[in-house]
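Peer 1: what follows is a predicted protein model with its sequence.
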Amino acid sequence: MARISKIHTKEKLTLLEKYLQGYVTATKGAMERYYLDALAGDGQCEIEIPGTSRTQTVNGSPLIAMKLKPGFTKCFFIEIKKKNIKTLTRLLKDFPQNRYKIREGDCNLVIDEILSEIPQEAPCFAFLDPEGFEVEWSTIEKIAIYKKGRKIELFILFPYNMAFARVLYYNKKRFDKENIALLLNKTLPYNSWIDVYEDRIKGRLKPLEVRKRILKIFTDGLKRLGYKFVDWKLIESREGRPLYYLIFTTDHSAGAKIMKHVLQKDWIRGQISFLDKLT
Ligand SMILES: C[S@@+](CC[C@H](N)C(=O)[O-])C[C@H]1O[C@@H](n2cnc3c(N)ncnc32)[C@H](O)[C@@H]1O
């Protein structure tokens, strides 16, 4: 049984698919193009249909990437859970085996190995889709500096409310200061969070200001890694509660243009037809 997710997961996957369709079309002149999904999941999601007790199965990011036309030369999927690997392997079995590789493991530990299989001169797009603090900043750094020419484009779920807010507004029983430092040092660039944390603890910042500053630390970090364009969209629950940011970064103006177009659309709230498809 696939994970049961809320409708915002469909929004995320729709944004990914819309962008990837633009990406494979824009890079069709290149001899090869690659896709890296460092937290691949099991290939499917069960989406709750709002206002009903029903769910609908939709393709997860690996299947979205594999089904695009023109296709990626090869897709690399990293997944830590054996059970998910098994389902993903089953769902991909009808695709030619030379078009994908599934690697079981912790993305932070196997990233060098997987990157070494991606030709440095070919266009490459990476999707990082964590549920919490799984992706280390050092992994983002490795992806960012891997290629000599154009950088690997990155689409990242930045789990502000699912992870960072929980720690910054921590429950003393669950997180002591040492644990907080450990988590934030691993996942944010350059110990940059300390001032925000101190200001937050001393009550000098409102929650919205804390959120904006943490987001800025992350997006500034991406720029310091050499990315020219960083764009993002806040994903909210249907009740308007902030959940996470989808952050896109590239050093290619064409990629920036396509993503700007994709992120500006309000795929859920603006498009009744999209919801109709689910109900
Ligand atoms: C949000 S799900 C990914 C969903 C997928 N992108 C999709 O759209 O269908 C995150 C996945 O990452 C896996 N995961 C968690 N920590 C990981 C790690 N350190 N390395 C690789 N995979 C990890 C989880 O088991 C889970 O399947």
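Peer 2: It's in. Numbering: from 1, shown residues only.

Peer 1: shouldn't residue 164 be in contact with residue 212?
Peer 2: No - between residue 164 and residue 212 there is no contact under C-beta atoms under 8 Å: 12.0 Å. C-beta coordinates here come from the backbone N, C-alpha and C atoms, glycine included.

Peer 1: so which bits of the stretch 101-250 of the chain are right by the ligand?
Peer 2: For the stretch 101-250 of the chain, the residues in contact with the ligand (C-beta under 6 Å from any ligand atom) are 106, 107, 108, 129, 131, 134.

Peer 1: neighbour count, pLDDT and distance to residue 248 added to the residues you listed, as TSV?
Peer 2: Formatted as TSV, those follow (neighbours: other C-beta atoms under 10 Å; pLDDT from 0 to 100; distance: C-beta to C-beta, whole Å):
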residue	neighbour count	pLDDT	distance to residue 248
106	15	98	24
107	23	98	19
108	19	98	21
129	23	98	13
131	13	96	19
134	19	98	19
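
Peer 1: if we can go back for a sec, more crowded one of residue 164 and residue 212?
Peer 2: residue 164 (26 against 13; other C-beta atoms under 10 Å).

Peer 1: wait, is that one part of a strand?
Peer 2: No - counting by DSSP: H, G, I helix; E, B strand; the rest coil, residue 164 falls outside a strand, being helix.

Peer 1: how far does stretch 19-33 stretch from start to finish?
Peer 2: End-to-end span of stretch 19-33 (C-alpha to C-alpha, to the nearest Å): 15 Å.

Peer 1: same deal with stretch 133-141?
Peer 2: In stretch 133-141, first residue to last residue: 16 Å (C-alpha to C-alpha).

Peer 1: what residues does it touch?
Peer 2: 38-39, 107-108, 111, 128, 154, 156, 159, 163, 183, 186-189, 221-222, 225 (C-beta atoms under 8 Å, 6 or more residues apart in numbering).

Peer 1: now, of those, which are buried?
Peer 2: Buried subset of those (neighbour count, 16 or more other C-beta atoms under 10 Å): 38-39, 107-108, 111, 128, 154, 156, 159, 163, 183, 187-189, 221-222, 225.

Peer 1: among these, name the ones in helices.
Peer 2: In helices, judged by DSSP state H, the following of these are found: 107, 108, 111, 183, 187, 221, 222.

Peer 1: for residue 231, which non-adjacent residue is closest in space?
Peer 2: The shortest distance from residue 231 to any residue other than its chain neighbours is 4.9 Å, reached at residue 248 (C-beta to C-beta, 6 or more residues apart in numbering).

Peer 1: would you mind putting the CA coordinates of the helix or strand hosting that neighbour into CSV?
Peer 2: Taking DSSP states H and E as the criterion, residue 248 maps to strand 242-250. Provided in CSV are the C-alpha atoms of strand 242-250 (Å, rounded to 0.1, in the frame of the first residue of the first chain):
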residue,chain,number,x,y,z
PRO,A,242,2.2,26.8,5.7
LEU,A,243,3.7,23.3,5.2
TYR,A,244,6.9,23.5,3.2
TYR,A,245,8.7,25.3,0.4
LEU,A,246,9.4,24.0,-3.0
ILE,A,247,12.7,25.5,-4.0
PHE,A,248,14.1,25.4,-7.5
THR,A,249,17.6,26.4,-8.4
THR,A,250,19.6,26.5,-11.7
